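Asker: sequence and computational prediction follow.
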Amino acid sequence: MKFSCLSKGGGFHFPPCHMLNFCGVRILLDCPLDLSALTVFSPVPTGYNALSEEGISFSPAHDYLGSEDESQKREKIQKLPDSKSLIFAEPWYKTVKNLHLWNVSFIDVILISSPMGMLGLPFLTRTKGFSAKIYVTEAAARLGQLMMEDLVSMHSELRQFYGPEDSNFPTWLRQEELEMLSPELREVVQGKDGVELGGWMPMYSAADVKDCALKVQTLKFAEAACYNGALVIKAFSSGVEIGSCNWILNGPTGDIAYLSSSSFISAHAMNFDYNRLKGTHMLIYSDFSSLSATQDIEDEDSASASTVNQLSSLSPQELAKFFLNPDENLEEKEKLVFICSCAIECVREGGSVLIPINRLETLLQLLEQMTASLESSAMKVPVYIISSVAEELLAFLNVIPEWLSEYRQERLFAGEPLFAHVGLMKEKKLHVVPAIHSHKLLTNWREPCIVFTPHWSLRLGPAVHLLRRWCGDPNSLLILEDTLNPELALLPFKPIAMKVLQCAFPFGIKLKKVQPLLKTLEPKIVLFPEELRSQSCFSSASSFSVLHYTEAETLHVSCQKDSSELKIATELASQFHWRKLKGDINVARLKGDLLMEHGKHHLLLENEQENSLKNRPMQYWGSLDAEKLLAELSKMGIKASLEHCMGDTESQTVCLVHVQEPQRALIEVGTTSTVITAANETAASAIFEAIDKILDGV
C-alpha cells in the first residue's frame with residue numbers, strides 16, 4: 001500500500017487531502033478548495049472605488065498597481081500591505097497544492113468525507129480523461145452541490161464587473177507581477193517554496209457543477225459499495241457536519257479505516273460512529289484540528305496518558321460517557337450565548353450585526369440562540385439570511401431526519417419542527433432572500449438588523465456590500481471565524497469603526513481524546529501526522545505501531561491479512577478428492593473459475609468438475625529417481641535396464657531406461673523433463689502408472 005499526504009489542509013473549510021494506492025486502486029481522499037486564499041483579491045466595488053476616489057487609473061487588463069514607476073512599486077512592497085496592494089482582478093481559486101502534480105486520468109476512486117471536501121471536485125470532473133468513481137453520502141452530496149452553486153453565483157457578480165479575461169493566463173500570475181506583491185500576499189499566492197502556483201484555477205461554471213453532481217454515486221451510512229469487485233467501501237458518521245463521514249475500505253489483502261475530522265458531540269448531525277472503525281488492520285488518522293486548537297499541551301498529554309491506562313477497565317457505557325463529555329457541550333452553549341449577547345447589545349445601541357458564516361451547524365445554532373435572545377429581551381429586530389441557495393438549503397434540512405442527531409429526531413417524533421427556522425419564517429421573524437438586490441429584501445429591509453450571509457472570506461457575495469455599508473458605524477458588529485487573518489480580511493474596508501468579534505468554533509477530536517480513541521479502536525497500524533507527534537506521544541506498550549507521515553511524501557506500508565479466504569459452496573467442496581502429500585499437505589485437483597466479488601475470492605466449478613476429478617493426475621512435481629522406477633516396473637512384470645549417458649551439455653546427465661518386455665519402450669530421464677517413447681498406448685499407460693506411484697501429483 002502507498003499513502004501520500006497531498007495537503008494537511010487548513011481547518012474546517014479546507015480539510016486534508018490524501019492519495020492512497022490500495023489493492024491496486026488509486027484513491028483520492030477529498031478534494032477541497034483553499035478559499036482563505038481569496039483574501040489576496042480586492043472585493044468589488046470596494047477596492048475599485050477606493051482607487052477611483054484617489055484618482056489612480058485602473059483597468060483589469062493593465063497592471064493592478066496603477067501607473068506608478070518601478071521604484072515606487074518596490075518601495076510599497078517593503079511596507080505592510082494596504083488596500084492598494086491587493087490584486088484587482090477576477091479571482092481564481094486555489095486547489096490542493098500538490099494535486100495538480102498527479103494525472104487525473106490515473107485516479108480510480110474519489111471518496112468525499114464532507115461537503116467542504118467536495119468544493120474542488122468540478123475542477124477534476126471537467127478535466128479530459130477523468131473517469132474516477134466518486135463516492136459521497138447523500139446528505140453531503142446535496143449540501144456540497146448547494147455550496148458550489150452558491151459559490152458560482154457569488155463569483156458571477158465579480159465576473160460581470162471585470163468582464164472576460166484577455167487570455168487563459170491572468171496578468172497577476174506573471175513572475176514580474178508576483179514580485180511586486182507584498183511578502184505576505186506573495187506567500188499566499190505561491191506558498192513558501194513556490195509550488196502552490198500550479199494550484200490556481202479559474203472558477204468552474206454552473207454547468208460544471210451539474211455535470212459533477214451527475215457523476216457522483218451517493219451512499220447511506222453503512223451502505224456497502226463495491227468497486228471493481230475487489231474493494232468494498234462503507235461510510236460511517238463522523239459527527240462534524242450533516243452527512244460528513246469516515247470510511248472503511250475492505251479488500252482481499254486487508255482493511256483500512258480512514259478517520260477524518262470527527263466530533264463526539266454534535267448539535268445537529270448524527271453522532272460519531274467510532275465503534276464501526278474498530279479492529280481494522282490499518283487506520284489513517286487525518287484529523288488536523290488539534291494544530292489550531294488553543295489547548296494546554298502539557299495538561300492534555302498528562303490527561304491522555306493517565307486516561308489510556310484506565311481504558312482497559314472501562315465498560316462500553318463508561319467509555320461512551322468519557323467521549324461524550326457534557327461539559328464540552330456546555331462550553332459551546334456558553335460561547336453561543338456570549339456571541340448573541342454581544343449582538344443584542346449592538347442592536348440595542350442602534351447598530352446592525354453581520355455574520356458571514358458558512359458552517360451549517362454553527363449557523364443553525366447561532367440562528368436559534370439569536371432569536372431566543374431577541375425574544376427574552378423583548379426586542380423586535382428583523383433577522384435576514386441572504387444567499388442564492390438559502391431557501392433550498394433550509395427546505396432540504398426539513399426532509400433529512402435520518403441524517404440528524406437523536407435529539408432532532410425526537411423533535412420530529414414529538415410533532416415539532418426539526419429546526420427553529422421553520423416557525424421563525426412562518427411568524428415572519430426570519431426573512432430568507434436570494435440576493436441583496438432582490439425585491440423581497442428591498443421591501444422588507446429595516447435597520448438595525450441581524451444578517452447571516454456567505455462568504456466568510458469577506459471577498460464574495462452580500463457580505464462585501466453590507467460590510468462596506470456598516471464598516472464606519474461604531475455601533476455595528478462583525479462576527480468573524482478564527483480561520484481568517486483579520487488584518488488581511490479587513491484590509492479593503494479600512495479604516496473600520498465597527499466592532500469585530502472573532503470567534504473560534506472548534507471541531508474535530510480534542511487532543512486529550514486522541515490516544516484513548518486509538519486505544520479503543522485497536523488497529524494494528526496507525527498512520528499519524530508528523531505535525532501532531534509532539535502533541536501525542538505513543539508509548540512503546542501500545543497495542544498498535546505508529547508510522548508518521550508528512551506532506552508531499554509517500555509511505556510504503558505493508559497491509560496484509562494474516563490469511564486469505566476463499567468462499568466455496570459446501571456441495572462443491574464435498575466433491576474434492578484429496579491427496580495427502582509429504583509434510584501433512586492435502587491437495588485436490590480442480591478445474592474452474594476464481595472470481596473476485598465484494599472483496600472476497602469465490603470459486604466456481606464447471607459442470608463436468610465431478611467427473612474430471614476422478615481422472616489421473618495432470619500435474620507432477622519432484623525429480624524422477626531412475627532406480628525407483630526400475631524397481632516399480634519390475635513389480636509390474638516389466639523388464640527394463642538402466643543406462644547413464646551425457647546430455648546435450650557436458651554438465652547434464654541423462655538416464656535411459658530401456659524396456660524390453662512385454663513391449664519395447666524407451667524412457668529418457670533428464671534434469672528438467674522426462675520423455676516416454678512407446679510402441680503403443682498400452683505400453684505408455686503402463687509406464688505412466690509406474691511413474692504415478694513414485695511422484696507426487698494432483
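Answerer: Arrived safely, thanks for sending.
Asker: going forward, measure contacts between C-alpha atoms and count neighbours the same way
Answerer: Fine.
Asker: can you map out the strands along the stretch 301-450 of the chain?
Answerer: Taking DSSP state E, counting those that start in this stretch as the criterion, the stretch 301-450 of the chain carries its strands at 353-356, 383-386, 430-433, 450-453.
Asker: which one, of those, ends up nearest to residue 526?
Answerer: Residue 526 lies closest to strand 353-356 among these, at 37.6 Å (C-alpha to C-alpha).
Asker: that closest one pairs with which strands, parallel or anti?
Answerer: When pairs are called by DSSP bridges, strand 353-356 turns out to pair with strand 450-453 (parallel), strand 477-481 (parallel).
Asker: buried ones in that strand, by neighbour count?
Answerer: Neighbour-count burial for strand 353-356 flags 353, 354, 355, 356 (criterion: 16 or more other C-alpha atoms under 10 Å).
Asker: redo those residues as CSV? Include pLDDT.
Answerer: Shown next, in CSV, are the buried residues of strand 353-356 (pLDDT from 0 to 100):
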residue, pLDDT
353, 96
354, 96
355, 95
356, 94
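Asker: tell me the first helix or strand C-terminal of the longest helix anywhere in the chain.
Answerer: If you go by DSSP state H, the chain has its longest helix at helix 138-162. Using DSSP states H and E, the helix or strand that directly follows helix 138-162 along the chain is helix 175-178.
Asker: quick one: average pLDDT of the following helix or strand past that next one?
Answerer: Following helix 175-178 in sequence order, the next helix or strand is helix 183-190 (DSSP H and E). What helix 183-190 shows for mean pLDDT is 89.
Asker: need the strands of the stretch 301-450 of the chain in JSON lines with distance to residue 487, can you?
Answerer: Below are the strands of the stretch 301-450 of the chain laid out as JSON lines (distance: least, C-alpha to C-alpha, whole Å):
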{"stretch": "strand 353-356", "distance to residue 487": "16"}
{"stretch": "strand 383-386", "distance to residue 487": "25"}
{"stretch": "strand 430-433", "distance to residue 487": "30"}
{"stretch": "strand 450-453", "distance to residue 487": "20"}
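Asker: thinking again about what came up before, closest to residue 114 out of the strands paired with strand 353-356?
Answerer: Closest approach to residue 114 among those is made by strand 477-481 (18.9 Å; C-alpha to C-alpha).
Asker: may I see the buried residues of the helix or strand just after the closest one?
Answerer: As assigned by DSSP H and E, the chain's next helix or strand after strand 477-481 is helix 486-489. Neighbour-count burial for helix 486-489 flags 488, 489 (criterion: 16+ other C-alpha under 10 Å).
Asker: what does stretch 502-513 give?
Answerer: Judged by neighbour count (16+ other C-alpha under 10 Å), stretch 502-513 contains these buried residues: 502, 506, 507, 508, 509, 510, 511, 512, 513.
Asker: ok, now which ones touch the fifth one?
Answerer: Neighbour list for residue 509: 261, 262, 263, 264, 287, 289, 290 [criterion: C-alpha atoms under 8 Å, 6 or more residues apart in numbering].
Asker: lowest confidence element among the helices and strands of this structure?
Answerer: Using mean pLDDT, DSSP states H and E, the weakest-scoring helix or strand in the chain turns out to be helix 46-53, at a mean of 42.
Asker: thinking again about what came up before, winner for burial among the strands paired with strand 353-356?
Answerer: The highest average neighbour count among the strands paired with strand 353-356, using mean count of other C-alpha atoms under 10 Å, belongs to strand 450-453 at a mean of 24.
Asker: alpha carbons of it, as PDB, please.
Answerer: Provided in PDB are the C-alpha atoms of strand 450-453 (Å, rounded to 0.1, in the frame of the first residue of the first chain):
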ATOM      1  CA  ILE A 450     -29.100  40.900  12.100                       C
ATOM      2  CA  VAL A 451     -27.900  39.400   8.800                       C
ATOM      3  CA  PHE A 452     -26.400  35.900   8.100                       C
ATOM      4  CA  THR A 453     -24.600  35.800   4.700                       C
END
